[in-house]
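Colleague: prediction below, plus the sequence it came from.
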Amino acid sequence: MLQMIDEGLIELNINGETRKVLVRPADTLLFALRERLGLTGAKPGCENGDCGACTILLDGWPVKSCLMLAVEAVGHQITTIEGLENPPIQQAFVEKFAFQCGYCTPGFIMNCQGLINNHPEADEATINEWLQSNICRCTSYQEITAAIKSVLQKNPA
Amino acid sequence: MQFLAVGKSVIRKEAWEKVTGQAKYTADISSPELLYGVIVTSTCAHGNIKQIDIETARSMPGVRAVITGDYYPILTGSVIKDRPPLASGKVRYYGEPVAVVVADTEAEAAAAALQVKVSYEELPTVNSPAEAIKANAPLLHEFVDQYQKSIPEVYPQANSNVVHHVKIRKGDLNKGWEDAEVVVEGSFTLPMSDHIAMETRNAMAHILSDGKIIIRTSSQAPFPVRKMISEQFGRDLGDVIVHVPLVGGAFGGKASVELEYLAVLASQAVGGRKVIISISREQDIASFPVKIALEARIKLGARRDGTLTAGEYTYLVGTGAYAESGPRMANAMAMSCTGPYKLDNVWCDALCVYTNHTYATAFRGFGHGSMTFAVERMMDKLAAALKMDPVQIRRKNAVKPGDTTPTQVELTESNLGNLQACIDKAETLINWEQGQVQYVGENKILARGVACFWKTSSSPTDALASAVVTFNSDGSANLQVGAVEIGPSTKTTLAQILAEKLSLDISRIHVEMEVDTGHSPHHWKTVASMSTFMVGRAVEEAADDALKQLLSLAAIAMVCAPEDLMVENGRIAYKDNPQEYIEFADIAHGYKHANGSTVGSQVIGRGSFVMPHLSPMDQETGKGKPGPYQTPGAQAVEVELNTADYTYRILKAVTVLDAGRVINPKAAQGLVMGAMSMGLGLATREELVFNQKQELSNTSLRTYKVMHIGQQPEYIVDWVETPNKAGPYGARGLAEHGILGIHAALLNALSKAAGVELDQLPVYAETIWKKVEEGRS
Ligand code: FES
Ligand code: FES
């Protein structure tokens, strides 16, 4: 069992690599990724679970990294946007103009990737249910919906 | 005309950075040298500060400094200097910054911030714009008339909460009423709301030992930040360097200088060390500027055939506790007060007033959205009174070349565009011919509503933009501008203009995303959807300057006169024999003769632009020319109302605007759709809710609701392209325009469907139900 009072070293599996990270028990995973590992793709937008800008994949499932402590992530496979290997969803976001300022984009893409992995045949209702956890303030969402649909349709699954 | 880059949906230059998480925003750097600032904010909406106890906080672990309003007392504001960055003596809104704690880590600063104890002597509050102008209203600023003005054209009224009053007096109002056969009146209320840029505001500052102040901030206005900091801290402009990387959304909320003052003060308090202040969502909403509130009253006179004869408009603009851009937005509403309609007899009073709420600044539309809501609801009331079709009455009164604006600017085809054509297209796209109201099932009504808008900018008369183009030795070009990339693909659009001008492939134009006031050419601010227009003109001039240099070098190389040559595909060829040419690469850094001797050197093009003939509005009549041209348009909404429980669903939303020329169609479409989405958010759910003590009660994204995926209607955007002769390739500004009339279009539809007058935002099912019940009793 992990015991920590003030600060301690933990091992996190991130994007296929094992990384040693110095954290406090109260540090969120989002904080550890950004401030300790320089993985700034995950963004703080609310740090309250409301906006999805901080979304990463934990064992393949989208998780808001602001709602999880870094110590809770020990023993799990973490994938951040930096760990994606050129999946079609990135191309789709580019082609469909599915972002403007880009701040919400890593979170959306991670959520989309989670959806593609877990529900390759997701219908409109499922898409909406999943992506409702993310906020984009620049686009109208029509572009984001178009992007995810274009990938799901191509999916051979 | 065949274009190479203009009119093409070019992928934005920073697209791949953004989809891979490599794009860096202000707070995306961490470094062991950084200290962290956390702001302590007021828990009282109006009160004298009795005492601030910082001793406990000061002695907490990791704390390096705690500063309060006494530390470096200054007053700031872009129109009138009424705001201390840290409250001093008294607080005027809930959430007002009162202290900053600087510590080694953010956690330590946050822990210490909780220990800063402030006690207040509570004062009575001003709770709405209407209350602000009551005879015995409490005063927020006792000496409003004595503040230093940042611009001359602001008219505060002593011993009142009125910080600015702007008037329009055009034509003969009495005659207008005499000519009227029908008179209608209405009043409208819009609450404050928030920008909710996904990147909250954050700023970083350090001060070098020679006095240089270096700032990195999420801002639309790096040059104003530099100017204000240089003035307030007594530095040369060049000794203040402001870096702005990519910005995660702004919508006007990052156009004024705010957090930068606190970052510099915090750094100063720790001997110039680098301090970052990244604020939480809660503070971003409660403490930093929001959207104005509006209370409007309009009275319109018209002939029985629908022709407008008189318009009287009162706009009470609630700017919260400090003026910031509120007075300018009052100007903006006044100068466009009639909406895009011909009216010869106009009387408008726009008052900018203080209330004990979070202060306001620019927001998408710069006052035009709120004003348009009132005007467009009024047009529907007038149509109803005359039993006219809402589209017809708009078509009948739509401004045309030859008419004048409320500030008496002559309108031409070029500076106005074609509203008529926008109305026609929108009417078709929303299937208006199927009727405004249709019963489509049990308790189900399908309704349509329309609205029109126009907008020009209200920029300073000397607002300027510049551009520099440098050539690389391989013949590619670098474009540098002072406009910030806040999301609208501004830099890519500018690169398209440059590519077109140089007839160079867009892939060979390199754009620097970051703005650094130390080397980026000047730009006023990235606001008002003006960057494509203003910077675009500067880019055109820079391209011409570079081409002149390239042609004269080519003439030497090709032994002819420059006039004998033409530019094509990154080459310069003989006009009469295009097969013979020289590549840009061979002359971009001078031309080297066969014997090695070289003439010329690096080609550097420069351009700048200032909008000609602008003039401020006259204090008594409003006469003047505040902006260069109009962008007009028409919008429409289709909504389904359930008359059993008054829930509704927006099915379709249309915008047609006269863009002059669309430089990047897909990007432009996305901008307008995004603005429509935000407008529908304002219409359906967004508002700041203050409780009885004027404490802001919805400061999280769980309680302040915005549009989410799945709630959006089908968006349709289309263009009319009437060239703006002053714009690059005929372009007009476009972006924020999508927000301007969409809420009015929705409420026009819902009012019709429910048979009640819905004149305030936002509209919940409960709002409609209450109205219907009121009507019954
Ligand atoms: S930052 Fe995690 S959900 Fe908003
Ligand atoms: S692109 Fe700006 S928030 Fe989504």
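Modeller: Noted; the coordinates are in hand. Ligands and ions are numbered 1, 2, ... in the order given.
Colleague: what's the neighbour count on the residue in the stretch 201-350 of chain B positioned nearest to ligand 1?
Modeller: Nearest residue of the stretch 201-350 of chain B to ligand 1 (C-beta to the nearest ligand atom) works out as B:Arg281 at 7.7 Å. C-beta: built from backbone N, CA, C; applies to glycine. Using other C-beta atoms under 10 Å in any protein chain shown, B:Arg281 has 23 neighbouring residues.
Colleague: domains in chain A, by residue range?
Modeller: For chain A, automatic domain parsing gives the domain ranges A:9-81, A:88-154.
Colleague: tell me who's in contact with whichever residue of the stretch 551-700 of chain B sits closest to ligand 2.
Modeller: For the stretch 551-700 of chain B, the residue closest to ligand 2 is B:Gly674, as judged by C-beta to the nearest ligand atom, at 8.0 Å. Applying C-beta atoms under 8 Å, 6 or more residues apart in numbering or on different chains to B:Gly674 gives the contacts A:100, A:137-140, B:738.
Colleague: can you check B:Gln579 too?
Modeller: B:Ala573.
Colleague: which SS state does it fall under?
Modeller: coil (DSSP: H, G, I helix; E, B strand; the rest coil).
Colleague: low-scoring stretches of the chain, by residue?
Modeller: This is for chain A. Applying pLDDT under 70 to chain A picks out residues A:1-2, A:155-157.
Colleague: the intended chain is chain B.
Modeller: If you take pLDDT under 70 as the line, chain B has these spans: B:1.
Colleague: can you list the domains in it?
Modeller: According to automatic domain parsing, the ranges for chain B are B:15-22+B:462-610, B:35-125+B:198-249+B:254-286, B:293-459+B:614-776.
Colleague: okay, those in CSV with distance to A:Met68 next?
Modeller: CSV is the format used below for those (distance: least, C-beta to C-beta, whole Å):
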stretch, distance to A:Met68
domain B:15-22+B:462-610, 18
domain B:35-125+B:198-249+B:254-286, 17
domain B:293-459+B:614-776, 18
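Colleague: out of those, which comes closest to A:Lys96?
Modeller: Across these, A:Lys96 has its closest neighbour in domain B:293-459+B:614-776 (8.5 Å, C-beta to C-beta).
Colleague: and the residue in chain B that chain A sits nearest to, what is it in contact with?
Modeller: Closest contact between chain B and chain A, by C-beta to the nearest C-beta, is at B:Gly21 (2.4 Å). By C-beta under 8 Å, 6+ apart, the contact set of B:Gly21 is A:39-42, A:80-82, A:106.
Colleague: which SSE is the residue nearest the centre of chain A in?
Modeller: Central residue of chain A (C-alpha atoms, centre = their mean): A:Ile56, 2.4 Å from the mean position. Assigned by DSSP states H and E, A:Ile56 falls within strand A:55-58.
Colleague: dump the C-alpha coordinates for that strand into PDB.
Modeller: Taking C-alpha atoms only, strand A:55-58 is exported to PDB below (Å, rounded to 0.1, in the frame of the first residue of the first chain):
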ATOM      1  CA  THR A  55      -9.900  14.600 -20.400                       C
ATOM      2  CA  ILE A  56      -7.400  11.800 -20.800                       C
ATOM      3  CA  LEU A  57      -7.900   8.000 -21.300                       C
ATOM      4  CA  LEU A  58      -7.500   5.800 -18.300                       C
END
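Colleague: tell me which helix or strand comes right after it.
Modeller: Downstream of strand A:55-58, the first helix or strand assigned by DSSP H and E is strand A:61-64.
Colleague: is any part of whatever helix or strand comes next after that following strand close to chain B?
Modeller: Next helix or strand after strand A:61-64 toward the C-terminus (DSSP H and E): strand A:77-79. No. Residues of strand A:77-79 are not located near chain B by C-beta under 8 Å from any C-beta of the partner chain, the shortest gap being 11.3 Å.
Colleague: which strands and helices sit next to strand A:77-79?
Modeller: Where contact means 3 or more C-beta pairs under 8 Å, 6 or more residues apart in numbering or on different chains; DSSP states H and E, strand A:77-79 is packed against strand A:8-14, strand A:55-58.
Colleague: which residues touch the following helix or strand past the first one?
Modeller: Scanning the chain past strand A:8-14 towards its C-terminal end, the next helix or strand to appear is strand A:17-23 (assignment: DSSP H and E). Counting by C-beta under 8 Å, 6+ apart, the neighbours of strand A:17-23 from elsewhere in the structure are A:7-13, A:31-32, A:36-37, A:70-71.
Colleague: please redo it, this time with the cut-off set to 7 Å
Modeller: A:7-12, A:32, A:36-37, A:70-71 (C-beta atoms under 7 Å, 6 or more residues apart in numbering or on different chains).
Colleague: for the residue of chain B closest to chain A, grab phi and psi.
Modeller: phi 80, psi 10 (degrees, to the nearest 10).
Colleague: these two touch, right, B:Leu498 and B:Ile509?
Modeller: Yes. Counting by C-beta atoms under 7 Å, B:Leu498 touches B:Ile509, with 5.5 Å between them.
Colleague: return every residue with contacts to both of those two.
Modeller: What both B:Leu498 and B:Ile509 touch, as defined by C-beta under 7 Å, 6+ apart, is the set B:477, B:479.
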